[in-house]
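> Sequence first, predicted model second:
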Amino acid sequence: MGKTIGTLARGVALCSLMTTSAIAKANDAAALFGARENVLQASLSPDGNTLALVQPVGTRGSGLFVADVTGDTPVDLHRILMAKGDPERISSCHWASNTRLLCNIFGIMPVAEVNIAYMTRMVAIDRDGANMALIEVPHGTGEALDYTLDGGSVIDWTAGAEGHVLMARNYVPETQLGHRLVQSREGLGVDDIDTVTLKALSNVRPRPDASEYLSDGRGAVRVTGRRRQASGGYDRGGVDYFYRARTSDDWLPLSQVDENGDGFDPYAIDPVLDAVYGLKRVDGRLAAFRKALDVSNTEQMVFAHPQVDVDGFLRIGRSRRTVGVTYATDRREATYFDPALAKLAKSLAAALPALPLIRFVDASQDENRLLIWAGSDVNPGSYYLFDKTTRRLDEMTRSRPDLSGVTLATVKAVRYRAADGTMVPAYLTLPPDGAGKGLPAIVMPHGGPGSRDEWGFDWLAQYYAMRGYAVLQPNFRGSTGYGDKWFQNNGFRSWPIAIGDVLDGGRWLVSEGIADPARLAIVGWSYGGYAALQSAVVDPTLFKAVIAIAPVTELARLKEERRNWSDFLITSRFVGDGAHIDEGSPARHADRIAVPVLMFHGRLDRNVSVAQSRLMDARLRDAGKQSELVIYDGLDHYLEDSAARAAMLEKSAAFLSTAFAR
């Protein structure tokens, strides 16, 4: 272990004073846990000498900060770009060269009266804050520009010339008065962008049906996906993939992924092996494969896990070199293809024994300097810089520095028995004071439903544990990561099974003596909010209070909300048709809920319309039930505002105390 660069760590902490220092002094638990992470995103320059951090500014804003990380001399963290968060935010910044950064700016905007849209733009800026410039969307000016939501995405940071990147960008045909066609290209294409001069050269011509492109990390686009479309411009699900040989511009068939997700789904290209890595189902679980990018199309399985899905590939450096696979059992795990990196990961685990969750965030061009994040259930994590040449490991900054002196609760992987005998995996968080019996308790189902909870730090669970609650986070049937059999028909179409597992989690807490049955509640976000409300419909007596954040409450409306978007047919198929639409919509059965309900929702939520919570609140009140709805202006599904999150936590704790006292 080398000497920690304390000056940098102090500099980063100072940048978060506006959001967390005052509340830390007051020891306000809601504000401490509700505060956004101190580092929203981090990247390392190609030479490994400069660190760029996207950090919170104010309660919902964000800023880009850079710092020299060479040697032990004192360094300063300089803010070179800021977004106020109303509505624009800096979502990520990466190095296009040693002196130039490219940032993705994200904003939320209403469309007409019923829809919410996310808009992105790319901005280039020098490391000293000079020469900031917008990467224009590829239509010039005109009415089409007003409807161009996507500002493009970088698919290759090493396009060849210094400061050049390859960007996938969407072209919309443009007309002027008199309907004269000005720009005729349409669909997703790839351009070579000079981030200094802003000149763009076409690399792959756009196609209306193109959905994605994969580059080899050396400036060559080798794979494209083309979505299958129905009439009216709707996607009908499924993607056809094509590849180009090294010496050809012709696109040849590679694979097909159907509307159910079956087939080889390409993720990353290995230019050395002239192959593409992807995921494909084997015996109901996702496994990692490698497929040759030549006429043989030889396919080889490279890794499969007997219990869980492989859910991603590990990639490193500016070329995004594929070095392994990742998957989650009781904890997030990794299997490395690269022997040297596997050895390094083992050494890092030995050097940081209290931080078993380790990931490689970024690397210099030669991969001699690595930016690493490490954390655990009781440690929100820290960023480290590792130098392979000197073997020095320096802590840069902490993800949540104001929690450094706070004793957090340990998280334990558990299994409980569902009514049909199935063992359901879950995570149990008990208060840090060691209490484990007769506690106020919360069942906290995750969102999605195409998701799962994992072992590690969770600000919601930790807050309630700090308040003395036991928290159970079940990976009910309908969760992803455990294969097709566990996923069932998803948590909406198979809601009786998913909700049954959630309810059985609450019953298990009581049967084990962990929960006081008079002080048992359910709290959920998104699909978790749906599960909370629907659980109270199915069994009105188990939970004594319901808290639902951005919940789905009416399944038919969930489908209808996507009618003006290209994924309408996909969403409709996912939610399904039939009796479960009525039976599984809590807003239609508000009269069955017998306990107090508290809901929170962002007014600009695109994932789940705020109308869902408004409907539920109205139905509960019409039925004479106790309901309260808090709506946050200017915020979306994730409520990314430290003050809003703190207020939500504080209000929820007071609500539970009052409900349990009834």
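Received the coordinates, thanks.

> pLDDT-wise, which helix or strand of this structure ranks last?
Here the helix or strand of the chain ranked lowest by mean pLDDT, DSSP states H and E is helix 6-15, holding a mean of 29.

> could you give me the average pLDDT of the helix or strand containing residue 93?
According to DSSP states H and E, residue 93 maps onto strand 89-95. In this model, strand 89-95 has a mean pLDDT of 96.

> What is that strand packed up against?
In terms of contacts (3 or more CB pairs under 8 Å, 6 or more residues apart in numbering; DSSP states H and E), strand 89-95 is packed against strand 41-44, strand 50-57, strand 61-68, strand 78-83, strand 100-111. Heads up, the C-betas are built off the backbone N, CA and C, glycines and all.

> want to try TSV for those, with mean neighbour count, distance to residue 200 and mean pLDDT as columns?
Listed next are the helices and strands packed on strand 89-95 as TSV, based on neighbours: other CB atoms under 10 Å; distance: least, CB to CB, whole Å; pLDDT from 0 to 100:
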stretch	mean neighbour count	distance to residue 200	mean pLDDT
strand 41-44	22	23	97
strand 50-57	24	24	97
strand 61-68	22	23	96
strand 78-83	18	22	95
strand 100-111	19	13	90
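
> Redo these as JSON lines? Include distance to residue 204.
Formatted as JSON lines, the helices and strands packed on strand 89-95 follow (distance: least, CB to CB, whole Å):
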{"stretch": "strand 41-44", "distance to residue 204": "26"}
{"stretch": "strand 50-57", "distance to residue 204": "29"}
{"stretch": "strand 61-68", "distance to residue 204": "30"}
{"stretch": "strand 78-83", "distance to residue 204": "30"}
{"stretch": "strand 100-111", "distance to residue 204": "19"}
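
> low-confidence ranges in the stretch 401-550 of the chain?
Within the stretch 401-550 of the chain, not a single segment meets pLDDT under 70.

> circling back to that earlier point, nearest to residue 301 among the helices and strands packed on strand 89-95 would be which one?
strand 41-44 (32.9 Å; CB to CB).

> Need the residues that contact that closest one.
50-54, 91-95, 361-364, 369-371, 373, 383, 385 (CB atoms under 8 Å, 6 or more residues apart in numbering).

> For the strand holding residue 93, output the C-alpha coordinates as PDB.
Output in PDB follows, covering the C-alpha atoms of strand 89-95 (Å, rounded to 0.1, in the frame of the first residue of the first chain):
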ATOM      1  CA  ARG A  89     -27.500  17.600 -15.400                       C
ATOM      2  CA  ILE A  90     -24.000  16.300 -16.200                       C
ATOM      3  CA  SER A  91     -24.500  12.600 -16.300                       C
ATOM      4  CA  SER A  92     -20.900  11.600 -17.400                       C
ATOM      5  CA  CYS A  93     -17.600  13.000 -18.700                       C
ATOM      6  CA  HIS A  94     -14.800  11.000 -20.400                       C
ATOM      7  CA  TRP A  95     -11.500  12.000 -21.900                       C
END
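
> Could you tell me the angle between the lengthiest helix in the chain and strand 50-57?
Criterion DSSP state H: the longest helix present in the chain is helix 642-660. Counting by axes from the mean of the first three to the mean of the last three CA atoms, to 10 degrees, helix 642-660 points 50 degrees away from the direction of strand 50-57.

> Spatially, what comes nearest to residue 588 if we skip its sequence neighbours?
residue 582 (5.9 Å; CB to CB, 6 or more residues apart in numbering).

> Secondary structure element for the one you found, which one?
helix 579-583.

> ok now whichever helix or strand comes after that helix, how far from the chain's centre?
Later in the chain than helix 579-583, the nearest helix or strand by DSSP H and E is strand 597-602. Its chain's C-alpha centre and that of strand 597-602 lie 21 Å apart, by CA atoms, centre = their mean, to the nearest Å.

> same check, this time on stretch 568-584
That offset, for stretch 568-584, works out to 24 Å (CA atoms, centre = their mean).

> Show me the contact partners of it.
Taking CB under 8 Å, 6+ apart as the rule, stretch 568-584 contacts 230, 234-237, 259, 489-490, 492-493, 495-496, 534, 555-556, 558-559, 562, 588.

> which residue sits closest to residue 129 in space, ignoring its chain neighbours?
residue 80 (3.4 Å).

> for the one you found, what are its contacts?
64, 65, 66, 125, 126, 127, 128, 129.

> any idea how far residue 117 is from residue 107?
Per CB to CB, to the nearest Å, residue 117 is found 9 Å from residue 107.

> is residue 316 in a bridge, and if so with what?
residue 321 (DSSP bridges).

> Kindly report the same for residue 383.
residue 373, residue 397.

> Check whether it really touches residue 372, as I assumed.
Yes. Residue 383 is within contact range of residue 372, at 7.1 Å (criterion: CB atoms under 8 Å).

> quick one on the thing from earlier: helices or strands next to the longest helix of the chain in the packing?
Right, helix 642-660 is packed against helix 17-26, helix 29-34, helix 459-466, strand 515-525, strand 546-549, strand 597-602, strand 627-632 by 3+ CB pairs under 8 Å, 6+ apart.

> The stretch 101-250 of the chain: strands as residue ranges?
115-126, 133-135, 153-156, 164-171, 174-176, 180-183, 187-194, 200-207, 210-215, 221-229, 235-243 (DSSP state E, counting those that start in this stretch).
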